[in-house]
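Asks: Need a 3D model of the sequence below.
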Amino acid sequence: MKTLKKFISYYKPYKKMFYMDMLCAFTLSLIDLMFPIIVSFMLNNVYIKERSEILKYVTLIGTGLLLMYIVRYFCQYYITSWGHIMGARMEADMRSDIFNHLQRLSFSYYDNTNTGKLMSRIVTDLFDISELAHHGPEDLFISLLKIVGSFMILMSIDARITIILLFITLFMIYSSLFYNKKMRAVFKSNREKIANVNAQIQDSLSGIRVVKSFSNEEIENKKFEIGNDAFLQTKENSYTIMGKFFSMNGFFQGILYLSVVIFGGIFISNGSFQAKDLMVYILYINIFLNPIDKLVNFTEQYQKGITGFERFLEVINTHPDIIDKKDAIELENPKGEIILENVSFSYDNRNSVLKNINISMEAGKTVAIVGPSGSGKTTFCSIIPRFYEVDEGAVKIDGIDIKDIKIKSLRSNIGIVQQDVYMFAGTIKENIAYGNTNATDEQIIEAAKMANAHEFIMGLEEGYDTYVGERGVKLSGGQKQRISIARVFLKNPQILILDEATSALDNESERLIQKSLELLSKNRTTIVIAHRLSTIRNADEIIVLTDEGVKERGNHDELMNKKGEYMNLYNMQFDQVS
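Replies: Residues are numbered from 1 along each chain as shown. Predicted coordinates for the structure are as follows:
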């Protein structure tokens, strides 16, 4: 009931269209019900008159029928066109709602959710919901109207045959409900299986370069076939159930006609029923059966749509674990002082990645975070913009707990340059402008110059209008990194996080990017996660992080003199280079 109530709420913005659709459906049904009545009237009252009288009535009734069918034409047009438009708009609203909701969910949700499966919910599921939104109420309304209307008229023609038909119809309804329950389960399974197929396709195509580099096309084909075969199996199951469902309903419809022929013949033979009434009765049987067919189709449509909507609600009802407090404030003109007080964090609420961390970073200073792999360096940087919520303790900026700051305001004052740069499909200019969507062309070019990117961009055939390809595939690692730095220059944040920004680059690219990063870091609080320790020798402070917490802190010379963890890491890297 809750699901249905939520579904109905999407009709609210389109109430006028909905009521007009229902009015057209009502008019259309009324016209269809009128035709056999007119035929009956003509058989009993018109065709028995003289020729001149017949022609007069035929002209009059023919004109009336023509006007009725002109009205029917416009009603059918509205139902087919604007009814579908209403459904499409509702689908668009749902798609906006789910996409906007996905934007609000934290990193932890995406850590455990496959992108391909989400795509299936946004695209495939919502199409069936759109069809249900349009055809559902309309088909239900028309069908019930025609069934009730035709049943009452059939009762008025001959109650005995109609009661027999009602008895058979009840068996049809029971049969429909029985298969309806089975279809719901199999359609849900269909959705889950096609989501798995979509996930496999997305995963394989995203990693196509890795696939080809290892010549593992056959492995990917086998993985795909497993999911594809599972989906095929559920489709076969659904069609088997649908086959039984439709054939059973077809059988009962045949029994209805058989009953009319047999019992009509019996009643005609004993003089209690007339042959001409039987003809009108059969016309109404068609009107009675047509909406039953519609209800049968509606059952399938309803199951597809409602299972899709339930999957849609699974996402919508996932509450973001990181949200603004009611009294959260804007972070205006921050100095950039960062303090971590007794901070602990774990991804699974069991195994701590950060334990009781206490760190203070002065505004405008550069602090480097180093340590062995798995010590929590990237996690450390992820809790400052509040990508993840700390389990214990507090992270403060300028003395304000970040939980008391509006998320958008907090993140707009933090710039991040990562090792794995994401490029959106589009032009270089569009990717740089992502740092400030209101930036002018001049500001974009200036940011590119500061990031040492302008020269290589101008060397491309289309310059700033060069299409970068999916995930920036047409650019080198160094070029992508410089564009990402230009983005941050354009954003102009007070706090800067550099997450191993140069570790995957060649020496020439690293030299250019290091110059850009030094310029970018000027007068900003900068946190550097460093892979190459030689790049952080000039940091104001270096913090050595291990799985036990903060092990050492100080500048390069101080830590080397301590001859502890930092010196071991530094010498180990130096030996590897040698």
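
Asks: Chain neighbours aside, what residue packs nearest to Lys403?
Replies: Lys325 (6.5 Å; CB to CB, 6 or more residues apart in numbering). Where you see a C-beta, it was placed from the backbone N, CA and C, and this is true even at glycine.

Asks: oh, I was asking about Ile485
Replies: In space, and not counting its chain neighbours, Ile485 is closest to Ala451: 4.0 Å by CB to CB, 6+ apart.

Asks: Might you list the low-confidence residue ranges for the stretch 251-400 of the chain?
Replies: Scanning the stretch 251-400 of the chain for pLDDT under 70 picks out 296.

Asks: where exactly do the helices run in it?
Replies: 275-316, 377-383 (DSSP state H, counting those that start in this stretch).

Asks: Point out the most buried one among those helices.
Replies: helix 377-383 (a mean of 21; mean count of other CB atoms under 10 Å).

Asks: and that one, how far out from the chain's middle?
Replies: 28 Å (CA atoms, centre = their mean, to the nearest Å).

Asks: Check which helices and strands that helix sits against.
Replies: Applying 3 or more CB pairs under 8 Å, 6 or more residues apart in numbering; DSSP states H and E, one finds that helix 377-383 contacts strand 338-346, strand 352-361, strand 366-370, strand 495-499, strand 525-529.

Asks: hmm, back to that, quick one: closest of the helices of the stretch 251-400 of the chain to Phe178.
Replies: Shortest separation from Phe178 across those is recorded for helix 275-316, at 11.1 Å, computed as CB to CB.

Asks: Which elements pack onto that closest one?
Replies: Contacts defined by 3+ CB pairs under 8 Å, 6+ apart place helix 275-316 against helix 2-9, helix 15-41, helix 51-104, helix 115-122, helix 124-157, helix 159-206, helix 217-269.

Asks: need the ones you listed in TSV with mean neighbour count and distance to Ile292, can you?
Replies: Output for those, formatted as TSV (neighbours: other CB atoms under 10 Å; distance: least, CB to CB, whole Å):
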stretch	mean neighbour count	distance to Ile292
helix 2-9	12	23
helix 15-41	17	14
helix 51-104	14	19
helix 115-122	18	33
helix 124-157	19	7
helix 159-206	17	7
helix 217-269	15	7
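
Asks: mind putting those helices in CSV, distance to Lys515 included?
Replies: Listed next are those as CSV, based on distance: least, CB to CB, whole Å:
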stretch, distance to Lys515
helix 2-9, 55
helix 15-41, 60
helix 51-104, 35
helix 115-122, 36
helix 124-157, 48
helix 159-206, 33
helix 217-269, 41
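
Asks: Looking at those helices, which is nearest to Lys335?
Replies: Closest among the helices and strands packed on helix 275-316, once you apply CB to CB, is helix 51-104, at 28.9 Å.

Asks: After the closest one, which helix or strand is next?
Replies: helix 107-111 (DSSP states H and E).

Asks: what's the distance between the most centrally placed residue in the chain and Ile8?
Replies: Geometric centre of the chain, nearest residue: Ile122, 2.8 Å, by CA atoms, centre = their mean. Per CB to CB, to the nearest Å, Ile122 is found 21 Å from Ile8.

Asks: try Ser382
Replies: Going from Ser382 to Ile8 by CB to CB gives 40 Å.

Asks: Quick check: pLDDT value at Thr27.
Replies: As summarised for this prediction, Thr27 has a pLDDT of 90.
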